[in-house]
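> build me a structure from this.
(one chain, ligands or ions: 1)
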Amino acid sequence: MEAGSFVDVPKDLLGEIERLEKLFTIDTAKLKQITERFVGELEKGLTNEGGSIPMNPTWVMSYPNGYETGTFLALDMGGTNLRVCQITLTEQKSEFDIIQSKYRLPEELKTGDADELWEYIADCLMQFIETHHGDTSKLDKLPLGFTFSYPATQNYIDEGILQRWTKGFDIPGVEGHNVVPMFEEALARRGVPIKLTALINDTTGTLIASAYTDTKMKIGCIFGTGCNAAYMEDCGSIPKLAHLNLPPETPMAINCEWGAFDNEHVVLPQTPYDIIIDKDSPRPGQQAFEKMIAGLYLGEIFRLIMVDLHDNHETHIFANQDISKLRKAYSLDSSFLSAIEEDPFENLSETAELFQSKLDIRANGPELELIRRAAELIGTRAARLSACGVAAISIKKGYETCHVGADGSVFNKYPHFKARGAQGLREILDWPEKEDPKADDPIEVLAAEDGSGVGAALIAALTLQRVQAGNMHGILHPENFK
Ligand code: BGC
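Numbers count the residues shown, from 1 in each chain. Modelled structure (predicted):
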């Protein structure tokens, strides 16, 4: 018998499972409806009127050809860590060397004071440079690509006006401002020998890094703490850039910021739990799509279900137990759900141990069945919804076959995410059932190359190349490219 089958589940819990199934299941027709609206919203975001998806031009204006060279620093400020790398793109086609250090991003900095954040980052960079280059006083300024993975409008590649914080960040005084001078001032105060050449979104980095080693890569996605995608558009299809008279065939990478899809709640079926997630988040009304898919929220959706079933329903799961640990918001991350979905045992004994050790809760057999099913439903919904975004970009661009480079903790670690996403794509795009289970799908979502390291270095190199060739579009500080 399969782990987690429902033979012994009493009727009232079965009723709850069925209720959750109804709430969280997204059938083929709904997937198609969501995708159709998604295509329209991608288009709307490229126009002057705009829509809820920002569709930010990034000033990355070509794919790499594999022969880029040079040594660059890259800084990645993601949702959880800071990473500093030095990347050397070698003479060998599509090859690179990398050295890197990771620094923890202290939780309190995410909701603290902007200066403290920038200074912490400057200190990490300084430490890295001192370790790998020695005496900094004699160094020429090193070129740096800064992967800043939040929605930012970019009039220039070396400028980024933060539209809003996402992923639980909430630092006052940054939204609506250009983050580059803030960052540069902190570098200057600390005497860090760096010149910023490009501000990059992780998805754009992922697209470019993946295309460096695989020319079929057309979309870069992140399914991690947050969720988003980038792809290459033609300037002629971006009405909001028409005033710049760019050659219509010239490529321009677009950072979609698709986490904002359906903020107006037209097609996404919100459950009562999604409504609470949104209401209690630092930015209610924002990132509707992201809040159903990204790793930051999956564990919290699950926690809200558990608390609800303890408090509000006739079933009263975990009856007469102290669930105070479970009541702590955001105390379960997506790795908790992964562990539940990965429990190989018929009696779900690993899940029982997990509940006991982490939450001091003793879950009985039927409760464990419900727990397992809830995790599956949340994980499956996330993967299937993510397929709507991938399908929408593919439809908009007319890609019938391509590769999609994906990165992030949910994509890399959440069990079955890839297979469930692939199944979603199959249903949306009406692919026939595979005869050979090993055959590739027309559109394959594959593990990406390192976007915020190698991708950032490549973007710095590509920008340098085009500036040297006289293409100064979107360059605010040409002196940084000398
Ligand atoms: C951010 C995006 C980012 C994504 C993945 C979202 O919350 O708004 O800029 O690409 O997370 O990291």
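
> first-to-last residue distance for stretch 106-118?
Its start and end residues considered, stretch 106-118 measures 13 Å (Cα to Cα, to the nearest Å).

> contacts for it?
120, 168-174, 182-183, 185-186, 282 (Cβ atoms under 8 Å, 6 or more residues apart in numbering). Bear in mind the C-beta positions are built from the backbone N, C-alpha and C, glycine included.

> which parts of that stretch are buried?
Residues of stretch 106-118 classed as buried: 109-110, 114, 117-118 (neighbour count, 16 or more other Cβ atoms under 10 Å).

> what's the closest of the residues you listed to residue 311?
Checking these against residue 311 by Cβ to Cβ gives residue 110 as the nearest, at 29.4 Å.

> re earlier: widest-spaced pair of the buried residues of stretch 106-118?
110 and 118 (13.3 Å).

> which phi and psi values does the residue in the stretch 101-250 of the chain positioned nearest to the ligand adopt?
Nearest to the ligand, among the residues of the stretch 101-250 of the chain, is residue 226, at 2.1 Å (Cβ to the nearest ligand atom). According to degrees, to the nearest 10, the main-chain angles of residue 226 amount to phi -120, psi -180.

> is it true that it touches residue 167?
Yes: contact criterion Cβ atoms under 8 Å: residue 226 and residue 167 qualify, at 4.6 Å.

> and these two? which has more neighbours close in?
More neighbours surround residue 226 than the other of residue 226 and residue 167, with 29 against 22 (other Cβ atoms under 10 Å).

> could you pull out the helices in the stretch 1-150 of the chain for me?
Using DSSP state H, counting those that start in this stretch, the helices of the stretch 1-150 of the chain run over residues 11-24, 28-45, 114-133.

> all strands of the stretch 51-200 of the chain, in order?
Per DSSP state E, counting those that start in this stretch, the stretch 51-200 of the chain carries strands over the ranges 56-57, 70-77, 81-89, 96-104, 142-148, 152-153, 161-162, 194-200.

> what's the answer for the stretch 251-400 of the chain, then?
Residue ranges of the strands in the stretch 251-400 of the chain, as given by DSSP E, counting those that start in this stretch, are 251-255.

> close to the ligand: what parts of it are there?
When proximity is defined as Cβ under 6 Å from any ligand atom, the stretch 251-400 of the chain approaches the ligand at 257, 259, 290.

> try 8 Å
Within the stretch 251-400 of the chain, the residues that sit near the ligand (Cβ under 8 Å from any ligand atom) are 255, 257, 259, 287, 290, 294.

> in JSON lines, list those along with neighbour count and pLDDT.
Converted to JSON lines, these look like this (neighbours: other Cβ atoms under 10 Å; pLDDT from 0 to 100):
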{"residue": "255", "neighbour count": "27", "pLDDT": "98"}
{"residue": "257", "neighbour count": "29", "pLDDT": "98"}
{"residue": "259", "neighbour count": "27", "pLDDT": "98"}
{"residue": "287", "neighbour count": "29", "pLDDT": "98"}
{"residue": "290", "neighbour count": "23", "pLDDT": "98"}
{"residue": "294", "neighbour count": "27", "pLDDT": "98"}
